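Peer 1: Next one to model:
(2 chains)
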Amino acid sequence: MDNELSALSVLFTEFYYWVTVVMMFLIHVGFCLYEVGVSREKNKLNTLMKNAMLVPVITCAFFFFGWWIYFAFQNGPGITGGLKSAPWSEPWNELMAPHLGGSAHSQRLTSEQLTTWPRLNGVFWAAFLLFSWTAGSILSGAVIERIRAGAFWVLAILVGSVTWIIDAAWGWSDTGWMVQRLGYHDAYASGVIHGLAGGSALAILIHLGPRLGRFTADGTPRVLPAHNTWMVIIGMFLIYTGFWGFYAACNVPILDIDPDNSRSLYSATTIYLTPTSLSGITLNFLMALTGGLLAGYVVSHGDPFWTFQGGLGGIITASAGNDLYHPFQAFFIAQIGVWCGYKLHYWVEKRFGIDDAVGAVAIHGYCGSLGVVICGFVLWGYPSSANSGYAAITPWGQLLGAVIMFFVLGFAPCYVLAAVLKKAGVLRIPRAVEFAGLDHEILADEHSQLQEYAAAERREFLADAGGD
Amino acid sequence: MKPTIESWTEDVAEIGPLYPFVGWEVPMGLACAAVCIAFLVWKFRSENATYAAMVRRLQADTTATTNDSGDDHSGDDHTDSRGAI
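Peer 2: Predicted coordinates:
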């Protein structure tokens, strides 16, 4: 940063990501409100703490190995090369801390790394970390009111700091092997976050089983209304708000997109370093939200929960190609995704007895995966990368990518880990506690404390009145 | 031990790490990892103990309630009540 222009570029990029992180924090606030709103009165404190505490748990894990996995695993390893060297992302490296880029203590850092990473490592890390929290929160909603917090946090570490970041390395980086070989394109993470988290949630739900009383003896699902619709809706609005930050964080804000030419041409780019613009993705984000809200409203006959979920599902479905779609395409793709997600949710619920408390598998898993596949048809033949020699976008590349996200990295690892936790008897809350309510003892204590306080207050009042 | 930064005016371009105890990153990281792992272990143990105690208390409450409700229809209802819990 020895001249004003390069300093401005670096400091702008640093500030840009910092702002996206602050905005994305609202996603987590939204998820907390939304889950607590859905859960019953007797479970709401446990629901809140289970989700809130995934923040420190995933953050530590992501600091220790998640960030390193993103850079090291871009070749598979073993598919297009070995493990990549990424010393700046190792937890003990000096660049994972405040640093001005001068003399390095570590001999392993190159001068290029010392120029690039001191100002960007922390904000990049945080942007990816917020995606990790989102992945964990998606699971959290599906499994409320019967999973043990300890088991959930271990599963959240697996998804938030291992599997999602492996799929990001493979399919959501400019040199990932899926981009190179399959032409995989998923600009705003339809499959990378949502498809994977939905597949993970489905695997956990299979082992976890439904809540007590959720199905009749013949397998018909019973409706369980949200305890506080307003919290759910405000939560959804906050998730939409945070999603703006998410979209911005998926972009590189300023990059020379014609480096071979002596005349530089600057633009925002996707994570694949292909050109796009904040203006373009804003059009598509809002038209996808619009399409999703309309479809959600119609398909659910005006049900508030599914209408708002529809807005989210619409954005998620269109996200894979929202860097390149026309807004009308985003609008219709969103509608297709929401209609399919809604129908699949109720079909799977009834056919397999899956109790997904918030429709997370549908809105994230089915909509996200479908969005990846649709992108393969609509953007068929587009280059997947700015790098030459990479495969172009195709329906089969996207279909295989969706399968890798949902099943290979989403469903399979969580299915195995949830089975182990179930076998150890630490996956599900005991039925007696589930029946009484997860907050049973806290609420009982609060009740007796309030009673005691009221009695003391009355005694004091009567004593004062007697004195007067 | 010398502080990492001794002056903000001399050789500013040479300043690298800003934090104290440069070179101690691995032991500090191991300590942080130990705290995280200990937290999870504590959580599993505490959940096991808490839920076991809650189940015992809830079953005792249910038994007491069932006994208090009389013997007229305690046969099937007693079984159902315990089964539900």
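Peer 1: who are the neighbours in contact with the closest residue to A:Asp186 other than its chain neighbours?
Peer 2: Once flanking residues are discounted, A:Asp186 sits nearest to A:Ala320: 4.7 Å by Cβ to Cβ, 6 or more residues apart in numbering or on different chains. For the C-beta atoms, the positions are set from N, CA and C on the backbone; glycine is no exception. Neighbouring residues of A:Ala320 by Cβ atoms under 8 Å, 6 or more residues apart in numbering or on different chains: A:His185, A:Asp186, A:Ala187, A:Tyr188, A:Ser190, A:Gly191, A:Gly371, A:Val372, A:Ile374, A:Cys375, A:Gln398.
Peer 1: Mind pulling up the pLDDT for the last one?
Peer 2: It refers to A:Gln398. Turning to A:Gln398, the model gives it a pLDDT of 98.
Peer 1: Could you verify that it is part of a strand?
Peer 2: No. Applying DSSP: H, G, I helix; E, B strand; the rest coil, one finds A:Gln398 to be helix, outside a strand.
Peer 1: thinking again about what came up before, how close does the residue nearest to A:Asp186 sit to chain B?
Peer 2: Distance from A:Ala320 to chain B, counting by Cβ to the nearest Cβ, to the nearest Å: 34 Å.
Peer 1: try A:Phe243
Peer 2: Distance, A:Phe243 to chain B, by Cβ to the nearest Cβ: 29 Å.
Peer 1: OK, contacts around the closest residue in space to that residue that isn't next to it in sequence?
Peer 2: Excluding its sequence neighbours, the residue lying closest to A:Phe243 (Cβ to Cβ, 6+ apart) is A:Ile315, at 6.2 Å. Shown in contact with A:Ile315 (Cβ under 8 Å, 6+ apart): A:Tyr240, A:Phe243, A:Phe285, A:Ala288, A:Leu289, A:Gly292, A:Ala334.
Peer 1: Over to A:Ile315. Which of the three states is it?
Peer 2: For A:Ile315, the assignment made with three-state DSSP gives helix.
Peer 1: Not counting sequence-adjacent ones, nearest residue to A:Ile138?
Peer 2: Distances taken as Cβ to Cβ, 6+ apart place A:Ala197 nearest to A:Ile138, at 3.8 Å, with adjacent residues excluded.
Peer 1: mind listing the strands for the stretch 251-400 of chain A?
Peer 2: Counting by DSSP state E, counting those that start in this stretch, the stretch 251-400 of chain A has strands at residues A:252-256, A:266-269, A:275-276.
Peer 1: What mean pLDDT does the first one get?
Peer 2: For strand A:252-256, the per-residue pLDDT values average out at 90.
Peer 1: Could you tell me which strands it is paired with, and in which direction each runs?
Peer 2: strand A:266-269 (antiparallel) (DSSP bridges).
Peer 1: Chain A contacts on chain B?
Peer 2: Listed as neighbours of chain A in chain B under the rule Cβ under 8 Å from any Cβ of the partner chain: B:11-19, B:22-23, B:25-26, B:29, B:32-33, B:36, B:39-40, B:43-44, B:47-48, B:51, B:54-55, B:58-59, B:84-85.
Peer 1: next one: the longest helix that chain B contains to chain centre, how far?
Peer 2: The single longest helix within chain B, with elements called by DSSP state H, is helix B:25-68. Averaging C-alpha positions (Cα atoms, centre = their mean, to the nearest Å) puts helix B:25-68 7 Å from its chain's average.
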